[in-house]
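Trainee: any chance you can model this:
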Amino acid sequence: MAEQIFLGILGLCAGFTVSSGIAGLIIGLSIIPRYAGITHTAEHILLYEDFTILGVILGNIVVVFGLRIPVGVVGLALFGWFAGIFMGSWILALAEMAKVFPVLAGRVRLRQGMPWIIVSVAAGKLLGALYFFYKGW
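Mentor: Residues are numbered from 1 along each chain as shown. Have a look, this model is predicted:
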């Protein structure tokens, strides 16, 4: 019993360490202030940061302790929808921070069509994820 308690505490501490690093990265790269600026809600930036940290902590607890949240198919679909939006915006924000698209456009001398390339990248990511989950990998 003591061993199980120790492993649970160790897993929780390790999870907090990793998830705090991710939250720090999200906040440190100014992704949250960027979202707040785009949506014109900069007065709520501390609330966004608090919810980011709360989500990291709650997600960590759910994963470490294997908690089941009975939300049904609709809840699962909503979670998948919001998780996909989050990951897509995270990827695009990182790409924008790294200036990937302007560098790519300059290298291949692309003058027009950049929105189509971005939509194609997102569609490819979507189709790849759907295929991954369909196959059950």
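Trainee: quickly find the element holding the most centrally placed residue in the chain.
Mentor: Nearest to the mean C-alpha position of the chain, by CA atoms, centre = their mean, lies Met87 at 3.9 Å. In this assignment (DSSP states H and E), Met87 forms part of helix 72-97.
Trainee: distance from the chain centre to that helix, please.
Mentor: Relative to its parent chain, helix 72-97 has a centroid offset of 6 Å by CA atoms, centre = their mean, to the nearest Å.
Trainee: repeat that for stretch 5-17.
Mentor: Distance of stretch 5-17 from the chain centroid (CA atoms, centre = their mean) equals 22 Å.
Trainee: and the helix or strand of the chain with the lowest mean pLDDT, what does it pack against?
Mentor: Of all helical and strand segments in the chain, the minimum by mean pLDDT, DSSP states H and E falls on helix 100-107, at a mean of 71. Helix 100-107 sits against helix 114-135, with contacts defined as 3 or more CB pairs under 8 Å, 6 or more residues apart in numbering; DSSP states H and E. The C-beta positions use only the backbone N, C-alpha and C, and glycine is treated the same way.
Trainee: what angle do the helix it packs on and helix 100-107 make?
Mentor: Put simply, helix 114-135 runs at 120 degrees to helix 100-107, going by axes from the mean of the first three to the mean of the last three CA atoms, to 10 degrees.
Trainee: could you give the mean pLDDT of helix 114-135?
Mentor: For helix 114-135, mean pLDDT is 82.
Trainee: for stretch 43-53, same thing?
Mentor: Taken as a whole, stretch 43-53 has an average pLDDT of 84.
Trainee: what does it contact?
Mentor: Identification of contacts with stretch 43-53 by CB atoms under 8 Å, 6 or more residues apart in numbering yields 23, 26-27, 32-33, 35-36.
Trainee: stretch 10-24 too?
Mentor: Counting by CB under 8 Å, 6+ apart, stretch 10-24 makes contact with 52-53, 56-57, 59-61, 63-64, all of which sit outside it.
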